[in-house]
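S.K.: I would like the atomic coordinates for the input below:
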Amino acid sequence: MKLLHVADVLKREEDFQHAEVEYDVIKELGDKTMRYAILSHRWEDDSEVTYKEMIGLTKMDERKKVEVRKRSGYQKIIQCCEQAMKDGHEWLWIDTCCIDKRSSAELSEAINSMYQWYRGAQVCYAYLNDVKESIFPTEPNFETFLKSNGWPEWFMRGWTLQELIAPRRIEFFNKEWAPVGNKHRLASTLKDITRIPCDVLRDGLAGKRLSVARIMSWAAHRKTARVEDRAYSLMGLFGVNMPMVYGEGKKAFRRLQLEIIREFNDHSIFAWWPRTSRAGSVLADDPSDFDGCGNCEKMEPSEVGDKLVKQIELHGLGNPWHITLNSRKISTSPIHQCRLAWLKWRARALSQQLRTFTISNAGIQVCLPVIPFSDSPSHFRAILACTYSHGSDLVTIDIVFSGSGIYRIPSHVDNIGKTLKAYPNFRILHLAHNQDVNEKCCEFTLDDQHASYHGFTRSGTYPREFAGDTVVLSFLVDDLVVVVYANENARSYFVVGLGYYLGQGWVHIVYGGHFPTQDVEWQHVARRAHDQMWHARAEHAQNMSKQGCAHLTRDAHFIKHAHLPRSIWAARVVWGRWEVGNFRVMVDVEQCPGCCDGPCGMMTTLNDWGGLCMPGLMNTVHRPYALELDGYLAEVDRCSGQRTELGDYGNCSDGALTRTGNIFEDMRIIGIDPEDSAYHPVVSHVSGDTWLKLHMRIQADVAIVYHTTSRRRLALHRAKGISLPTNERFVLLLKACSTRLAGKHLVTTLIQCSDFYRLDEDGNRRDSGHGELSANNYVVLTFWPYQTSRRRVIFTPQKREFSLHFVPSQAHKFGEGNRHVYGEENNSEVFGRLTGSPGVVWFY
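M.R.: The predicted model follows:
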């Protein structure tokens, strides 16, 4: 510990003109019995004197020497030495010049020892450089102390908290170094300023049964120049030590809490309440999170059982039978009484575990009573062994089991009896202490470019703006973002909301009302829609959970449809299964006669998982023969003997297609270029069972396909697949043709071959192309008009080189250049693949 020798400092100042005289003003002393005074003050930028400057002052050039001596920080040292000399103190410690901050080891030692240095001082001089009056202020003065909450700034600094509590004796001085009072006489006023109890101010922390949260609350409004110092300045109050790592930011405060947990069995360290809603680590970000814990009291494990039983009876947990007597509910259930007795016994039996914390990379292991949420199996309310005030309920925090961790989330209600009725159950928990909340966020890609096809553009977002097409939502907390879309010419708009409630994602659409004309009005529309959806978020999430995702494939998609009143438009939102990582949401507008799905309906649809790319969301009706096109599974059936064209659409019944039109023929009606390569069919390589082909020694130009139920095998000669393109412009074409295609089936793939025949078990030919195998069967997929206007979101790797994005464009011309006919006149066998009906589930 380096100390200023008061007499030498003052003597050097008096004899400053005698440059040849050297004074040893700072000495390092290790005697713990040394008597010294200590200074507590607020640092002033660029005016403080460092250790190097203090010991080398006489060796400086005259100009530098004069500059240092004129600093207010130097005058503060001299005046503090004069006060120490007046009080009879030989040694003085001042943090600005008694620590060589060039040495990280010395700085770390000083910070870790500072509380004890202030505790061991004979007197602490607290210098209030912004107090000009000769008396200590007893009431807040916001005119004089505007930036420090109405009190001298010394009370707002982080380091001065321990400097107020640790010393046994503190003398306060104003700007002119005139005494204005001491800690004992001003204890009542200091309590009003700092919220620190009078007995702590007079006697210190020793022997006090104070909760960790309560001590943290005293630092809630204090500030430090470095973020890390908010943690380092509190180490002495809790008697813990840790290395200094400047540059780590808020990690320092989390390290401090972990050190406290290793030393104390106090659940109140989890009782913080953040000013802004957030989720993730069970540890607080900084002391301000403990602002509301000024009266927090910790409880011993032996007290928890009785308190827990009283809380259960008070809130009626467990829904016991009861009678009402004088407005008081009295339980009459013997089972309930037995359960309460068991909980008391359980609390006593686990008393050792309740007071034990274990820290590992898996989290903070602690035993707590928890109550499950009735509407979410992964959400619980944990009960802590502390209260916010004497006689109040035990403090509770909400947690969620997510992946391999248990994370804290904002509480939904203040009273534990409002939504929770189950009995508590003691569980060993591993609470996450790493602040990896960003890993618990989902980045959604909002694809709304197709809405502009009918003139609807993005007009506003709430509560936060986002650039581009990326929307970030947290699935640990209740979160919601709304996006407004408007068509000024039609004076129509709708609002899409993306949200999470108790870990369940949900989507909703609202519409109608006055059409705004100014940007500020759009903000009101977004805010009003946000409030409307926010208050109904539990209902929206519950409706989403009714989808029954357990029986759906990874490729399942959900479509929400809302007809816009007094218009010909319907807003539709399509999204995939969020729980399997599909975070793409598509917003579109369709022409709608108003007799569609009601005001706001939802249904499910899906593509084949691992199947072919489709120009939109289409579901394959499973057919008997399996083969591969460019390595991807497809199911087909024979349709030889019937004229079939790619792009045919119509009604399908009993395996027969009644043709009503062809999309390539319809293209001429809407004027699309017949020579445009974007609409050319895609030719694919056909392959079958490779093992069978090798085993049976079949020639190279033959593909073997097999019947999925009877295991019957067919050999196809020179087979090739011809499919509809899946590029953006073709999907846009289907959107334009959606009126004609509504409710129809669409031929999407044909397999052409020069010949085919059945194979026996040895691979020998059994029959040829036109025997019993020429039945007119089809493979069909249902075509739904809303599906074709959507981009397909694929969970498997992209097939071929085609992207399924599409953008609005001008009207395209179309002719006969893309027409392909396959039938008996080509002396070939054709296997067909059309669109077919998915299972549909509706919600309102």
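
S.K.: Please identify the buried residues of stretch 526-542?
M.R.: Neighbour-count burial for stretch 526-542 flags Ala526, Ala529, His530, Met533, Trp534, Ala536, Arg537, Ala538, His540, Ala541, Gln542 (criterion: 16 or more other C-beta atoms under 10 Å). Heads up, the C-betas are built off the backbone N, CA and C, glycines and all.

S.K.: What is the nearest of the residues you listed to Arg185?
M.R.: The nearest member of the buried residues of stretch 526-542 to Arg185, counting by C-beta to C-beta, is Trp534 at 52.6 Å.

S.K.: So what sits opposite the residue nearest to Arg262 when sequence neighbours are not counted in the bridge?
M.R.: Once flanking residues are discounted, Arg262 sits nearest to Ile359: 6.6 Å by C-beta to C-beta, 6 or more residues apart in numbering. With DSSP bridges as the criterion, Ile359 is bridged to Ile364.

S.K.: ok, Ile359 - how many residues close by?
M.R.: Number of residues near Ile359 (other C-beta atoms under 10 Å) recorded here: 15.

S.K.: now do Cys441
M.R.: 16.

S.K.: now Ile428
M.R.: Ile428 is flanked by 11 other residues according to other C-beta under 10 Å.

S.K.: can you list the residues that contact stretch 288-297?
M.R.: With C-beta atoms under 8 Å, 6 or more residues apart in numbering as the contact definition, stretch 288-297 has outside contacts at 195, 211, 213-214, 216-221, 268, 271-275, 284, 386-390, 395.

S.K.: so of those, which ones are in helices?
M.R.: Ala213, Arg214, Met216, Ser217 (DSSP state H).

S.K.: would you say Lys307 is within a helix?
M.R.: Yes. Assessed by DSSP: H, G, I helix; E, B strand; the rest coil, Lys307 belongs to a helix.

S.K.: contacting residues for it?
M.R.: Residues counted as contacts of Lys307 (C-beta under 8 Å, 6+ apart) are Met299, Thr387, Leu394.

S.K.: likewise Thr276?
M.R.: Applying C-beta under 8 Å, 6+ apart to Thr276 gives no contacts.

S.K.: Tell me how far it lies from Leu498.
M.R.: Distance, Thr276 to Leu498, by C-beta to C-beta, to the nearest Å: 20 Å.

S.K.: ok so His540 is a helix residue?
M.R.: Yes. Judged by three-state DSSP, His540 forms part of a helix.

S.K.: what residues are up against it?
M.R.: With C-beta under 8 Å, 6+ apart, His540 has these contacts: Gly497, Gly499, Tyr501, Trp506, Val507, His508, Met533.

S.K.: Would you mind putting the residues you listed into JSON lines with pLDDT alongside?
M.R.: Listed next are the contacts of His540 as JSON lines, based on pLDDT from 0 to 100:
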{"residue": "Gly497", "pLDDT": "92"}
{"residue": "Gly499", "pLDDT": "89"}
{"residue": "Tyr501", "pLDDT": "83"}
{"residue": "Trp506", "pLDDT": "88"}
{"residue": "Val507", "pLDDT": "90"}
{"residue": "His508", "pLDDT": "91"}
{"residue": "Met533", "pLDDT": "92"}
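
S.K.: Which single one of the residues you listed is nearest to Ser188?
M.R.: Of the contacts of His540, the one sitting nearest to Ser188 (C-beta to C-beta) turns out to be Tyr501, at 48.2 Å.

S.K.: re the thing from before, ok, now how distant is the residue nearest to Arg262 from Arg254?
M.R.: 11 Å.

S.K.: list residues touching both of the two?
M.R.: Joint contacts of Ile359 and Arg254 (C-beta under 8 Å, 6+ apart) are His433.

S.K.: about what we covered before: tabulate the ones in helices among the contacts of stretch 288-297 in JSON lines, adding columns for pLDDT.
M.R.: Formatted as JSON lines, those follow (pLDDT from 0 to 100):
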{"residue": "Ala213", "pLDDT": "95"}
{"residue": "Arg214", "pLDDT": "96"}
{"residue": "Met216", "pLDDT": "96"}
{"residue": "Ser217", "pLDDT": "96"}
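
S.K.: surely Phe380 meets Ile399?
M.R.: Yes. Using C-beta atoms under 8 Å, Phe380 makes contact with Ile399 at a distance of 5.4 Å.

S.K.: anything in contact with each of those two?
M.R.: Counting by C-beta under 8 Å, 6+ apart, the residues touching both Phe380 and Ile399 are Val370.

S.K.: circling back to that earlier point, just the ones of the contacts of His540 in helices?
M.R.: Among those, DSSP H puts Met533 in helices.

S.K.: about what we covered before: just the buried subset of the contacts of stretch 288-297, please.
M.R.: Among these, the ones that count as buried by 16+ other C-beta under 10 Å are 211, 213-214, 216-221, 268, 271-274, 284, 386-388, 395.

S.K.: In strands only, show me those residues.
M.R.: Those of the buried ones among the contacts of stretch 288-297 mapping onto strands are Cys386, Thr387, Val395, per DSSP state E.

S.K.: can you redo the residues you listed as CSV with pLDDT and distance to Leu234?
M.R.: Formatted as CSV, those follow (pLDDT from 0 to 100; distance: C-beta to C-beta, whole Å):
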residue, pLDDT, distance to Leu234
Cys386, 91, 19
Thr387, 91, 23
Val395, 90, 21
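
S.K.: What segments of the stretch 101-250 of the chain are helices?
M.R.: 104-120, 160-165, 187-194, 198-203, 212-217, 229-232, 235-238 (DSSP state H, counting those that start in this stretch).

S.K.: and Arg566, how many residues sit next to it?
M.R.: Per other C-beta under 10 Å, the neighbour tally for Arg566 reads 10.

S.K.: actually Ser754, not the one I wrote
M.R.: Ser754 - counted by other C-beta under 10 Å - has 15 other residues nearby.

S.K.: can you check Cys367 too?
M.R.: Neighbours of Cys367 (other C-beta under 10 Å): 17.

S.K.: With Ala362 instead?
M.R.: Other residues close to Ala362 by other C-beta under 10 Å number 14.

S.K.: now swap in Phe756 and tell me
M.R.: So Phe756, with other C-beta under 10 Å, has 24 neighbours.

S.K.: before we move on, what SS does it have?
M.R.: Relying on three-state DSSP, one would call Phe756 strand.

S.K.: so it sits right up against Leu716, yeah?
M.R.: Yes. Applying C-beta under 8 Å, one finds Phe756 in contact with Leu716, separated by 4.9 Å.

S.K.: Now tabulate the contacts of His540 in JSON lines and tack on distance to Asn651.
M.R.: Below are the contacts of His540 laid out as JSON lines (distance: C-beta to C-beta, whole Å):
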{"residue": "Gly497", "distance to Asn651": "38"}
{"residue": "Gly499", "distance to Asn651": "40"}
{"residue": "Tyr501", "distance to Asn651": "42"}
{"residue": "Trp506", "distance to Asn651": "36"}
{"residue": "Val507", "distance to Asn651": "32"}
{"residue": "His508", "distance to Asn651": "35"}
{"residue": "Met533", "distance to Asn651": "40"}
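
S.K.: Mind checking which of the contacts of His540 are in strands?
M.R.: Gly497, Gly499, Tyr501, Trp506, Val507, His508.

S.K.: Now the second one: closest residue in space, sequence neighbours ignored.
M.R.: Counting by C-beta to C-beta, 6+ apart, Gly499 lies nearest to Leu480, which is 3.8 Å off, once chain neighbours are set aside.

S.K.: returning to that earlier point: so which of the helices of the stretch 101-250 of the chain has the densest surroundings on average?
M.R.: Across the helices of the stretch 101-250 of the chain, averaging neighbours per residue (mean count of other C-beta atoms under 10 Å) puts helix 212-217 on top, at a mean of 26.

S.K.: Closest to Cys338 out of the contacts of Lys307?
M.R.: Closest approach between those and Cys338, by C-beta to C-beta: Leu394, at 21.8 Å.
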